[in-house]
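>>> Prediction below, plus the sequence it came from.
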Amino acid sequence: MRPKTMSKVDELRGANAIAIKEAKEKGEKVVGMYCMFSPQELALAAGARAVSLCGTSNNPIEEAEKVLPRNLCPLIKSSYGFAITDTCPYFFFSDLILAETTCDGKKKMYEEMAKIKPLHLMELPQSSQGEKNLNFWVNEMMEFKAFLEDFYKVEITEENLKDAIKLMNRERDTYKKLHQMNMNKPALLSGVDMLLAQWARGFNVDKEKGLAIIEDLIKELEEMKAKGISPYSEDNPRILVTGTPMGLGSEKLVRLLEDSGASVVALENCTGYKPIDTNVALDKDPLVAIAEKYIKLPCSCMTPNHDRFELVKKLAQDYQVDGIVDLAWQACHTYTIESYGLREYIKDEMELPFLQIETDYSDSDLGQLRTRVEAFLETMVS
């Protein structure tokens, strides 16, 4: 049974595309962002709408490959393809783009993107460990704040920052509660629907309206729980998906898993649980607090990245999973390399079945992937 409120989540895509156009027609500020390391709080404190940008569809990749190499991560090619084809309304209506140096491919792509839109690049430390890296990241926050103040001719006050932090903390708490609804056995929401709800979060032009829909969804799921209603049974293997980000257009692995009889109960990736796990502290300097929260995001671009392994273990235990599937987009070297260490960690710490998938956005390998997924799930029911 699919919750009725999911139809409102489905409608958010079209509604937000209209809302971003209306916001610009009213003269509102819009800052476009790609990555979970991008501090939305600063854009909100400047009086701007902070929106995610398109990058999860295979459609614009062919056009992107006229400039970018074919053997590049599909997320990077898709992001650039949307930009140059003017097929992403959020990019089109953004005043500026906040970019980040999470990987070599993205930072070089941003050089080309900067020819299209004003772009501010945040230099991300390569490690989340130590005072030196935190101080560096705090300075990046200060530079982005100064950039926004100069670009928009506004003053970002401490009060503005604290109000933005409270809003983003409330958003994270709400989506965290939604994700945790799938701790129930059996799960209350399909993995595909959880992915769509979490992915849509970044595109909410009006955060309050977006939150209201998710709060309604949570209430409906609580009612389903009370009545013992679920789209799954106790026999469906419970799967945790970790690795690279996914969204509408790049969700084929989750669909394959569930079409093959699994229940994807948790999504560790940065379009899932990872960015909502912790909040920004309110009892210290706002820029320092924002920096401390964001630098601790356990992305594979950080070295070492033990925090990701620990988060995977925590989610596996909390959601009582039967197996773990690790996704890496082709040419995403950090996640592909880290997969080996994750496999060994899971074997030593949890002794759970583990499957590593490396693919792209196309459907060309669906048959092969289906065979691997079905064989993997058979190990849990035999």
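In hand now; what should we look at?

>>> If you count neighbours, what's buried in stretch 198-212?
Using 16 or more other C-beta atoms under 10 Å as the test for burial, stretch 198-212 gives 198, 199, 200, 201, 202, 203, 204, 205, 207, 210, 211. Backbone N, C-alpha and C define where each C-beta goes, glycine included.

>>> Give me the most central residue, the chain.
Nearest to the mean C-alpha position of the chain, counting by C-alpha atoms, centre = their mean, stands residue 271 at 1.8 Å.

>>> tell me the SS of it?
coil (DSSP: H, G, I helix; E, B strand; the rest coil).

>>> what's the closest non-adjacent residue to it?
Excluding the flanking residues, the one nearest residue 271 by C-beta to C-beta, 6 or more residues apart in numbering is residue 245, at 4.2 Å.

>>> Next: residue 332.
residue 73 (4.9 Å).

>>> Run through the stretch 101-250 of the chain and note the low-pLDDT ranges.
Along the stretch 101-250 of the chain, the model assigns pLDDT under 70 to no residue.

>>> tell me the contacts of residue 295?
Residue 295 makes contact with 125, 128, 133, 134, 137, according to C-beta atoms under 8 Å, 6 or more residues apart in numbering.

>>> returning to that earlier point: check the contact between the residue nearest to the centre of the chain and residue 244; I expect there is one.
No: the criterion here is C-beta atoms under 8 Å, and residue 271 misses it with residue 244 at 9.0 Å.

>>> ok, residue 350 to residue 169 distance?
Applying C-beta to C-beta, to the nearest Å, the value for residue 350 to residue 169 is 31 Å.

>>> Which residue ranges of the stretch 201-350 of the chain form strands?
238-243, 263-267, 323-329 (DSSP state E, counting those that start in this stretch).

>>> closest to residue 362 out of these?
strand 323-329 (11.3 Å; C-beta to C-beta).

>>> now the angle from the closest one to strand 238-243?
30 degrees (axes from the mean of the first three to the mean of the last three C-alpha atoms, to 10 degrees).

>>> residues making contact with strand 323-329?
Residues from elsewhere that reach strand 323-329, judged by C-beta under 8 Å, 6+ apart: 73-75, 237-244, 246, 253, 257, 269, 312, 316, 335-336, 339, 342-343, 346, 350, 352-361, 373, 376-377, 379-380.

>>> of those residues, buried ones?
By neighbour count, with 16+ other C-beta under 10 Å, those hold 73-75, 237-244, 246, 253, 257, 269, 312, 316, 335-336, 339, 342, 346, 352-361, 373, 376-377, 380 as buried.

>>> Which ones among the residues you listed map onto helices?
74-75, 253, 257, 312, 316, 335-336, 339, 342, 346, 373, 376-377, 380 (DSSP state H).

>>> Just give me the least confident of the residues you listed.
For these, the weakest pLDDT value sits at residue 380, with 88.

>>> Quick one: distance of the strand or helix carrying residue 172 to the chain centre.
In the assignment (DSSP states H and E), residue 172 maps to helix 158-180. Relative to its parent chain, helix 158-180 has a centroid offset of 16 Å by C-alpha atoms, centre = their mean, to the nearest Å.

>>> now it and strand 263-267, what's the angle there?
Per the same axes, to 10 degrees, the angle that helix 158-180 makes with strand 263-267 is 160 degrees.

>>> got the contact list for helix 158-180?
In contact with helix 158-180 (C-beta under 8 Å, 6+ apart) are residues 40-42, 44-47, 189, 194, 197-198, 201, 207, 210-211, 214-215, 217-218, 221, 266-267, 272-273, 275-280, 282, 286-287, 289-290, 318.

>>> Okay, and which of those residues map to helices?
40-42, 44-45, 194, 197-198, 207, 210-211, 214-215, 217-218, 221, 286-287, 289-290, 318.

>>> Might you report the residue contacts of the residue nearest to residue 330 when sequence neighbours are not counted?
Using C-beta to C-beta, 6+ apart and skipping residues adjacent in sequence, the residue nearest residue 330 is residue 360, 4.7 Å away. Neighbour list for residue 360: 58, 74, 329, 330 [criterion: C-beta under 8 Å, 6+ apart].

>>> could you dump those residues to a markdown table with distance to residue 7?
Formatted as a markdown table, the contacts of residue 360 follow (distance: C-beta to C-beta, whole Å):
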| residue | distance to residue 7 |
| --- | --- |
| 58 | 25 |
| 74 | 29 |
| 329 | 30 |
| 330 | 34 |
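
>>> Of the residues you listed, grab the buried ones for ChimeraX.
Command for ChimeraX that selects the buried part of these, burial taken from 16+ other C-beta under 10 Å:
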select :58,74,329,330
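
>>> Local confidence estimate at residue 381?
73.

>>> That one and residue 254: what is the separation?
As judged by C-beta to C-beta, residue 381 and residue 254 stand 19 Å apart.

>>> re the thing from before, neighbours of the residue nearest to residue 271, just the number please.
Using other C-beta atoms under 10 Å, residue 245 has 24 other residues around it.

>>> Correct me if wrong: it contacts residue 76.
No: with contact defined as C-beta under 8 Å, residue 245 does not reach residue 76; the gap is 11.7 Å.

>>> which of the contacts of residue 295 has the most neighbours?
Neighbour counts for the contacts of residue 295 (other C-beta under 10 Å) peak at residue 137, which has 24 neighbours.
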